[in-house]
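Trainee: okay, here's the prediction I keep looking at, along with the sequence it came from:
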Amino acid sequence: METRRLQMLVELSRLGSMRAVADLLSTTTSTVSQQIAALADDMGTALTEPHGRLVRLTPAGRRLAEHAVTILSAVETARLDLAPEGEPNGTLRVAGFATAIRTHLLPIVTALAPSHPRLRILVREHEPAEALQLLAEDATDLALTYDYNLAPAAEDPAVSATALWTAPWGLGVPAQADVREGTTLEVFARFAEHDWIVNSRNTADETVIRTLASMAGFTPRITHQADSLDLVQSMITAGLGVGLLPLGSGTFPAVRLLPLTAPDVALRSYAVARHGRLDWPPLALVTDLLVRRSRLV
């Protein structure tokens, strides 16, 4: 059912003349007649009947015209709601990794609550592969993901990724470890005989560890997995191994964080959305605010 045909029907019910409708809509009388006839075919019933030299709406036509007013109003409301310049409102679904949610998204949610009461943000904590799968299934609107400079994520032409912040990472080791700082490969080589701790729900950090270990001349013995960075530190404290941790974040007293340089190890974060959704006001607003926060990091 085309909205233009409904508009013609509404105007016909108001003006009572196809010529008047044609003049109002800058078209021809024959076009109006054809569109009303096509609408009658769509509905399977006559919408007009002869009335002298003019036509008038049948009872079905009058009833449909009443529905058309509601339908056209709803369509216009939807257009304004979805227009890029419209006020952000509705429900935005976000899936992302814990650090991005805790440090960047939640402050935005709090700040938007009083200024955008009609905007609701639903949050789900997921690692990148999980969040991207939800995005592909249209089960989320925005995915907050990350990769590493030494383990770049594969590009997906179906989505658009907006770069957010980049954070340097180091190697977390027991505080009592007798080790000097050095280049990344020198640091890795000194822990060649240790067990290594990797993420339990993402393989990017394991790829980085295996790549650097190979460059340092050994194969890492990966024995433990943990999703929580606090748990990784607890494992290091317990003497279970060593693992990658972000620089600049607080460490446990029993954990020492060694910088990794030459080559550097950096986590790169992204806001990922499907093409065709980028101008939706809630998505555009939150993405823009994430970019702004990232510049402050």
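Mentor: Looks like it came in fine. Quantities reported herein were computed from a predicted structural model and do not represent experimental measurements. Residues are numbered from 1 along each chain as shown.
Trainee: please make it C-alpha for all contacts and neighbour counts, starting now.
Mentor: OK.
Trainee: could I get the full set of strands for the stretch 101-250 of the chain?
Mentor: For the stretch 101-250 of the chain, the strands defined by DSSP state E, counting those that start in this stretch occupy 119-125, 142-148, 159-174, 195-198, 221-225, 242-246.
Trainee: ok, now how distant is Gln34 from Met8?
Mentor: From Gln34 across to Met8, the span is 11 Å (Cα to Cα, to the nearest Å).
Trainee: surely Asn199 and Ala226 touch.
Mentor: Yes - the criterion here is Cα atoms under 8 Å, and Asn199 meets it with Ala226 at 5.0 Å.
Trainee: please say which of these two ends up with more neighbours.
Mentor: Neighbour tally, Asn199 and Ala226, criterion other Cα atoms under 10 Å: the higher count belongs to Asn199, 19 against 16.
Trainee: would you turn the strands of the stretch 101-250 of the chain into JSON lines with mean pLDDT, distance to Ala204 and mean neighbour count?
Mentor: Listed next are these as JSON lines, based on pLDDT from 0 to 100; distance: least, Cα to Cα, whole Å; neighbours: other Cα atoms under 10 Å:
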{"stretch": "strand 119-125", "mean pLDDT": "96", "distance to Ala204": "17", "mean neighbour count": "17"}
{"stretch": "strand 142-148", "mean pLDDT": "98", "distance to Ala204": "6", "mean neighbour count": "25"}
{"stretch": "strand 159-174", "mean pLDDT": "96", "distance to Ala204": "13", "mean neighbour count": "20"}
{"stretch": "strand 195-198", "mean pLDDT": "98", "distance to Ala204": "9", "mean neighbour count": "22"}
{"stretch": "strand 221-225", "mean pLDDT": "97", "distance to Ala204": "13", "mean neighbour count": "16"}
{"stretch": "strand 242-246", "mean pLDDT": "97", "distance to Ala204": "11", "mean neighbour count": "23"}
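Trainee: which one, of these, ends up nearest to Ser214?
Mentor: Among the strands of the stretch 101-250 of the chain, the nearest to Ser214 by Cα to Cα is strand 221-225 (11.8 Å).
Trainee: Gln34 and Met8: which has the busier surroundings?
Mentor: Met8 (23 against 13).
Trainee: show me what the helix or strand where the more buried one lies is packed up against.
Mentor: Using DSSP states H and E, Met8 falls within helix 3-15. Judged by 3 or more Cα pairs under 8 Å, 6 or more residues apart in numbering; DSSP states H and E, helix 3-15 is in contact with helix 18-24, helix 29-43, helix 59-82.
Trainee: lowest average pLDDT across the ones you listed?
Mentor: Among these, helix 59-82 carries the lowest mean pLDDT, a mean of 82.
Trainee: who touches that helix?
Mentor: With contacts defined as Cα atoms under 8 Å, 6 or more residues apart in numbering, helix 59-82 is touched by 3, 6-7, 9-10, 13, 45-48, 86-89, 280-281.
Trainee: do that again at 6 Å, thanks
Mentor: With contacts defined as Cα atoms under 6 Å, 6 or more residues apart in numbering, helix 59-82 is touched by Leu6, Val10, Leu47, Gly86, Trp280.
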